[in-house]
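# need coordinates for the following:
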Amino acid sequence: MVGAFSGPFSLPFLVNFLMIVLHIVKEVLNTREISECTAGITIFAPMSSKEQKFTASRVRSSYISVVISMTLVLYVLGLLGTLVLSANDLSRAVRENFTFTLVLEEAIEEAELKTLLKTQQLAPYAKSAVLVTKKEAAASLEAALGEDFVEFLGYNPLSNTIDVNLRSEMVASGDLDALKRKMMEEEYVKDVLYDRDLVTLVNENIEKISYVLFGASLVLLIVALALIHSSIRLTIYSKRFLLKTMQLVGATSTFIRRPYLINALFLGVIAALLSMVLLAATGYGSTVYFPGLVELFSQEVLVLVGLSLLGIGLIVPGVSTAIAIRRYLKLRTNELYF
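Sure thing, here's the model as predicted:
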């Protein structure tokens with residue numbers, strides 16, 4: 001496998017990592033001690049075995065729904081973040097695919113041909129230069145047409161050419177007509193071909209696309225923070241009476257808040273890890289079927305996005321939990337019903 005997925009991000013690694021994360025989630029959520037009193041105090045009214053199972057099942061379901069919602073939100077955010085961080089690489093890759101075709105005269109000798117090719121390969125504006133002989137060009141055209149036009153015509157009307165892929169900054173400058181005139185000054189070059197309209201179209205729109213992606217990322221980031229905050233707040237809302245009961249029997253705010261913060265941080269980390277696995281799997285699948293997207297899912301970008309998702313998964317649930325608990329502890333008992 002090439003690109004970002006040839007090393008630590010190989011398919012077996014992704015599968016094993018996902019299995020480990022799911023196993024950890026299963027073990028934690030299946031713990032029979034998970035209950036509404038995660039703070040370490042016991043519920044004062046004794047519960048039957050059936051009630052305990054029902055309570056554990058309800059809490060487990062709420063945790064699973066929070067993890068799933070946060071995972072999906074972080075995954076979409078990570079996907080868009082990957083696009084934004086890779087925008088420069090993508091624009092460079094697109095621009096470096098533009099080709100200047102130098103059409104050569106028939107009178108050129110092999111020695112001059114090699115010299116001209118070397119000159120183009122070493123030129124400051126060229127990323128690469130490849131010689132396409134008239135025989136190779138005829139074979140390609142014959143394969144495209146499905147007919148042997150050389151045999152039909154009795155001769156090969158094509159010319160030797162040199163395909164020059166330009167550097168990204170040269171294409172971005174837009175001064176390609178001057179470059180064409182410079183190439184035309186080379187001996188044995190009778191014409192220079194390139195798609196001027198396509199270059200203009202790309203240069204005009206590629207910057208706009210970058211701004212759109214950046215704006216969409218900011219909007220999605222705000223939406224993601226709001227959704228994660230709402231999910232955590234709803235979870236705490238369902239426990240508001242327990243929080244108040246603990247406060248009324250003398251538990252300190254720190255004692256009440258600590259286990260919920262730990263749970264929120266744990267769920268945030270699990271959601272971040274799952275979203276990272278989904279993102280890496282998306283990159284792996286994309287590069288398998290579309291090798292040109294290797295630039296998009298580079299290893300450096302994936303690591304940076306993964307660390308960002310982990311930070312969001314830690315900070316946002318923790319802050320949301322602390323804010324929600326603080327709010328409900330400040331309310332009077334009768335206000336909890338509204």
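# how far is the lengthiest helix in the chain from where the chain is centred?
Ranked by residue count under DSSP state H, the longest helix found in the chain is helix 196-237. For helix 196-237, the separation from the chain centroid amounts to 12 Å (computed by C-alpha atoms, centre = their mean, to the nearest Å).
# quick one: buried residues of stretch 282-292?
Neighbour counts over stretch 282-292 (16 or more other C-beta atoms under 10 Å) mark 282-284, 286-287 as buried. Just so you know, the C-beta spots here come from the backbone N, C-alpha and C atoms, and that holds for glycine as well.
# what's the answer for stretch 243-258, then?
243-247, 251, 256-257.
# now pLDDT too, for the residues you listed, in CSV please.
Shown next, in CSV, are those (pLDDT from 0 to 100):
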residue, pLDDT
Leu243, 83
Lys244, 83
Thr245, 85
Met246, 85
Gln247, 84
Ala251, 83
Ile256, 84
Arg257, 85
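# how far does the strand or helix carrying Leu310 sit from its chain's centre?
Per DSSP states H and E, Leu310 falls inside helix 299-330. On the basis of C-alpha atoms, centre = their mean, helix 299-330 sits 19 Å off its chain's mean C-alpha point.
# and the angle from that helix to helix 196-237?
30 degrees (axes from the mean of the first three to the mean of the last three C-alpha atoms, to 10 degrees).
# which elements pack onto helix 299-330?
helix 49-85, helix 196-237, helix 240-248, helix 253-289 (3 or more C-beta pairs under 8 Å, 6 or more residues apart in numbering; DSSP states H and E).
# what's the closest of the ones you listed to Ala123?
Closest of these to Ala123 is helix 196-237, at 17.9 Å (criterion: C-beta to C-beta).
# helices and strands around that closest one, which ones?
helix 49-85, helix 87-95, helix 168-173, helix 176-184, helix 299-330.
# turn those into CSV, columns for distance to Leu218.
What follows is these, written out as CSV (distance: least, C-beta to C-beta, whole Å):
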stretch, distance to Leu218
helix 49-85, 10
helix 87-95, 14
helix 168-173, 25
helix 176-184, 34
helix 299-330, 14
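# any chance of these in CSV, with mean pLDDT too?
Below are the helices and strands packed on helix 196-237 laid out as CSV (pLDDT from 0 to 100):
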stretch, mean pLDDT
helix 49-85, 74
helix 87-95, 74
helix 168-173, 76
helix 176-184, 83
helix 299-330, 86
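# that's a strand at Val192, yeah?
Yes - per DSSP: H, G, I helix; E, B strand; the rest coil, Val192 lies within a strand segment.
# so what's it up against?
100-103, 180, 183-184 (C-beta atoms under 8 Å, 6 or more residues apart in numbering).
# ok, and for stretch 160-180, which residues are buried?
160-162, 164-168, 170-172, 176, 179-180.
# cool, stretch 204-220 as well?
Here stretch 204-220 shows 206, 210, 213, 217, 220 as buried, counting by 16+ other C-beta under 10 Å.
# give the contact list for the first one.
The contact partners of Ile206, by C-beta under 8 Å, 6+ apart, come to 91, 94-95.
# separation between it and Arg92?
Relative to Arg92, Ile206 is positioned 10 Å away (C-beta to C-beta, to the nearest Å).
# the third one too?
For Leu213, the distance to Arg92 equals 15 Å [C-beta to C-beta].
# and if you look at the last one?
Applying C-beta to C-beta, the value for Leu220 to Arg92 is 25 Å.
# go on, His229?
37 Å.
# okay, now the domains of this structure?
3-91+203-337, 99-194 (automatic domain parsing).
# ok, and which of those domains has the densest surroundings?
domain 3-91+203-337 (a mean of 16; mean count of other C-beta atoms under 10 Å).
# for Ala87, which non-adjacent residue is closest in space?
Ser210 (4.8 Å; C-beta to C-beta, 6 or more residues apart in numbering).
# mind listing what Asn165 touches?
96-99, 126-129.
# repeat that with 10 Å
Asn165 makes contact with 95-100, 126-130, 171, according to C-beta atoms under 10 Å, 6 or more residues apart in numbering.
# take these and keep only those in strands.
Taking DSSP state E as the definition of strands, the contacts of Asn165 contribute 99-100, 126-130.
# redo these as JSON lines? Include distance to Gly318.
Formatted as JSON lines, these follow (distance: C-beta to C-beta, whole Å):
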{"residue": "Thr99", "distance to Gly318": "52"}
{"residue": "Phe100", "distance to Gly318": "55"}
{"residue": "Ala126", "distance to Gly318": "53"}
{"residue": "Lys127", "distance to Gly318": "47"}
{"residue": "Ser128", "distance to Gly318": "50"}
{"residue": "Ala129", "distance to Gly318": "55"}
{"residue": "Val130", "distance to Gly318": "55"}
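# can you add pLDDT and distance to Leu267 and give those back as a markdown table?
Compiled in a markdown table, the ones in strands among the contacts of Asn165 are given as follows (pLDDT from 0 to 100; distance: C-beta to C-beta, whole Å):
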| residue | pLDDT | distance to Leu267 |
| --- | --- | --- |
| Thr99 | 83 | 51 |
| Phe100 | 84 | 55 |
| Ala126 | 86 | 53 |
| Lys127 | 86 | 47 |
| Ser128 | 87 | 50 |
| Ala129 | 89 | 55 |
| Val130 | 88 | 54 |
